[in-house]
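[1] What follows is a predicted protein model with its sequence.
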Amino acid sequence: MSLVNGFSKLSKAEKVHWIVETYFNGNSEITNLLTSYYNSDQALQKLHDEFIENTITNFYLPFGVAPNFIINDKVYTIPMVIEESSVVAAASNAAKFWSKRGGFKATVLSTEKIGNVHFLFSGSKQKLEQFIKDIQSKFYENTKHITKNMEKRGGGILAIELVDKTSELKDYYQLHATFDTKDSMGANFINSCLEEFANVLRAEAAVYANFTETEKNLQVIMSILSNYVPNCLVRVEVSCAVEDLKSKEIKDPQYFAEKFVQAVRIAEIETYRAVTHNKGIMNGVDAVVLATGNDFRAIEAGVHAFAAKDGKYSSLSHAEINDGIFHFWMDLPLALGTVGGLTTLHPMVKFALELLEKPSANELMEIIAVAGLAQNFAAVKSLTTTGIQQGHMKMHLMNILNQFNATDEERVKVVNYFDTQTVTHSAVVEFIESLRK
Ligand SMILES: CC(C)(COP(=O)([O-])OP(=O)([O-])OC[C@H]1O[C@@H](n2cnc3c(N)ncnc32)[C@H](O)[C@@H]1OP(=O)([O-])[O-])[C@@H](O)C(=O)NCCC(=O)NCCSC(=O)C[C@@](C)(O)CC(=O)[O-]
Ligand SMILES: NC(=O)C1=CN([C@@H]2O[C@H](COP(=O)(O)OP(=O)(O)OC[C@H]3O[C@@H](n4cnc5c(N)ncnc54)[C@H](O)[C@@H]3O)[C@@H](O)[C@H]2O)C=CC1
């Protein structure tokens, strides 16, 4: 295979041509495949092309909805974008279950965003501390052009403090800045402020009378927001009397509740379980983060760091039974935007936010965390009762039938047969082959 120069300068058609010639022997069927995913509306396709770089085609993900979510006594239908079967069904199942038991409660505990200027300073810590105090006002003055509108919205810079990391890395200090970015995730706002702080730091150090020549040569390494936001936190919970857990699958609510609590306790102390337990939560979280045009990589990184905040990776959710009341809850760090990024650009993101009745970023935090808790409840309920495969494979059946290009007649027979049988891949294959004899 050959290297290529100037690929980014090629048109989309030329990029496709190069890919097909270089990797697919000029096979026109591949060209047809790639172009078959183009939107017929050229202006819309151009918009999508320009979301990222080197776009050659579109990649479809299913866009589903989960109805019947009651959150703080308000009813929502939640948009979910995900490739995995049974996730939307599970969320819908949990929403329906809890809609009859008081629904979900959600509270935003804090909305603090974080950014750091990482720098090296070789010299007196006491002089550095005094220096940072002396130039504090300049950090604010020199970012006024960036912060003025955010301040009008009630947001802006909250604090800027010096953090000494020299015990871990020679000469390493941070400016640790906190922000409130209101309805934006705030990445660009924070990064712009941080780069301005760095300019002030360098310029003022160079002329600070109390510094030696070495101290004046303070070296900024980088300025970047942090995706670890332990103080941008939302709490979500459900609770009901244990006997009210009774349902078609829960014949003995006390036994179910005790086993459920045990399953969560295991996820609290056993990392092998905690990672999968939290993955289940993120099935719900990521699906809504994607649908609303937010950055799932940033969310995932921050949430899993939070899961390890006490020194060991642990369950994000918790459960208990107190005085006959079943309580299941979770705190989740979520830096989200309902403005900026793709939120105002992508037509389906605008649809998703309108479906949610144009939530603020705080309300979106509540909705997304509830989707995670609902997912977790459905998964643990299945794991501790029927086992995950019964439900998961029931939903996965369509994918297996599609793999075999099953006819409509075959689909009806297969679905009827497996209504009373456990779905396994081999059992489905065997049954389809028996139909085709
Ligand atoms: C799959 C179900 C919901 C079936 O559950 P069921 O009891 O067979 O469902 P049902 O047919 O009785 O329907 C009850 C409700 O479930 C929902 N539902 C039911 N079927 C559908 C469907 N086809 N399409 C949409 N929604 C569906 C829907 O809300 C429906 O109400 P209705 O709409 O009829 O008024 C249940 O078994 C379940 O929740 N299982 C958990 C599945 C799960 O967690 N999937 C996630 C992927 S597995 C994973 O990655 C996570 C995991 C497990 O590893 C996490 C962990 O380890 O903790
Ligand atoms: N490490 C990371 O997480 C990084 C993420 N990003 C990406 O940047 C994307 C864009 O994030 P943003 O900077 O938030 O978007 P943005 O910069 O596109 O939009 C935010 C801007 O919207 C304006 N705005 C209008 N109404 C507002 C309101 N009510 N509240 C707050 N701001 C309002 C403000 O000017 C604000 O700065 C993220 O989705 C992420 O994918 C970019 C860099 C790093």
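    Received, thanks. The model shown is predicted, which means the values in this text are computed figures rather than measured ones. Residues are numbered from 1 along each chain as shown. Ligands and ions are numbered 1, 2, ... in the order given.

[2] only C-alpha atoms for contact and neighbour calcs from this point on.
    Fine.

[3] ok, which residues in this structure are in contact with ligand 2?
    181-189, 227, 294-295, 298, 337, 339-341 (CA under 6 Å from any ligand atom).

[4] Restricted to buried residues, select those residues in PyMOL.
    To isolate the buried members of the residues of the chain next to ligand 2 in PyMOL, using 16 or more other CA atoms under 10 Å:
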select buried, resi 181+182+183+184+185+186+187+189+227+294+295+337+339+340+341
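
[5] And the strands in the stretch 101-250 of the chain?
    For the stretch 101-250 of the chain, the strands defined by DSSP state E, counting those that start in this stretch cover 105-108, 113-120, 156-164, 172-180, 219-226, 233-241.

[6] Which one of the ones you listed lies nearest to ligand 1?
    With CA to the nearest ligand atom as the measure, strand 233-241 is the member of those nearest ligand 1 (16.6 Å).

[7] Name the next helix or strand downstream of that closest one, please.
    Next helix or strand after strand 233-241 toward the C-terminus (DSSP states H and E): helix 253-269.

[8] What are the buried residues along that next one?
    Within helix 253-269, the residues that count as buried by 16+ other CA under 10 Å are 253-254, 256-257, 259-261, 263-268.

[9] Next, give me the two most distant ones among those.
    Greatest spatial distance in these: 253 and 268, 22.3 Å, computed using CA to CA.

[10] State the pLDDT value of residue 387.
    If you check residue 387, the pLDDT there is 85.

[11] and it, what are its phi and psi?
    Note on residue 387: backbone dihedrals following degrees, to the nearest 10 are phi 90, psi 150.

[12] quick one, longest helix in this protein?
    helix 361-383 (DSSP state H).

[13] Please parse this protein into its domains.
    Domain ranges of the chain: 7-49, 81-109+236-386, 113-226, 392-436, per automatic domain parsing.

[14] Run through the residues of the stretch 151-300 of the chain sitting next to ligand 1.
    Within the stretch 151-300 of the chain, the positions adjacent to ligand 1 are 276-277, 280 by CA under 6 Å from any ligand atom.

[15] Check what pLDDT the closest residue to residue 142 other than its chain neighbours gets.
    Spatial nearest neighbour of residue 142, excluding adjacent residues (CA to CA, 6 or more residues apart in numbering): residue 196 at 6.9 Å. Per-residue confidence at residue 196 stands at 98 (pLDDT).

[16] now the one 3 residues further on
    The confidence metric pLDDT takes the value 98 at residue 199.

[17] got it, and residue 390?
    We have a pLDDT of 78 for residue 390.

[18] which residues touch it?
    For residue 390, the contact set (CA atoms under 8 Å, 6 or more residues apart in numbering) comprises 422-423.

[19] Show me which residues of the lowest-mean-pLDDT helix or strand in the chain are buried.
    One helix or strand of the chain scores below all others by mean pLDDT, DSSP states H and E: helix 388-403, with a mean of 84. Residues 390-398, 400-401 are the ones in helix 388-403 that count as buried (16+ other CA under 10 Å).

[20] check those against ligand 1, which are close?
    Filtering these for proximity to ligand 1 by CA under 6 Å from any ligand atom leaves 391-392, 395.

[21] How about residues contacting the following helix or strand past the least confident helix or strand of the chain?
    Going down the chain from helix 388-403, the next helix or strand is helix 408-417, by DSSP H and E. Identification of contacts with helix 408-417 by CA under 8 Å, 6+ apart yields 397, 401, 428, 431-432, 435.

[22] residues in contact with stretch 69-83?
    With contacts defined as CA under 8 Å, 6+ apart, stretch 69-83 is touched by 61-68, 88, 92, 95-96, 98-99, 102-106, 283-284, 286-288, 290-292, 352, 355-356, 367, 370.

[23] measure that stretch end to end?
    21 Å (CA to CA, to the nearest Å).

[24] And ligand 1, is it touching that?
    No. Figure legend: stretch 69-83 not in contact with ligand 1 (CA under 6 Å from any ligand atom); closest approach 10.2 Å.
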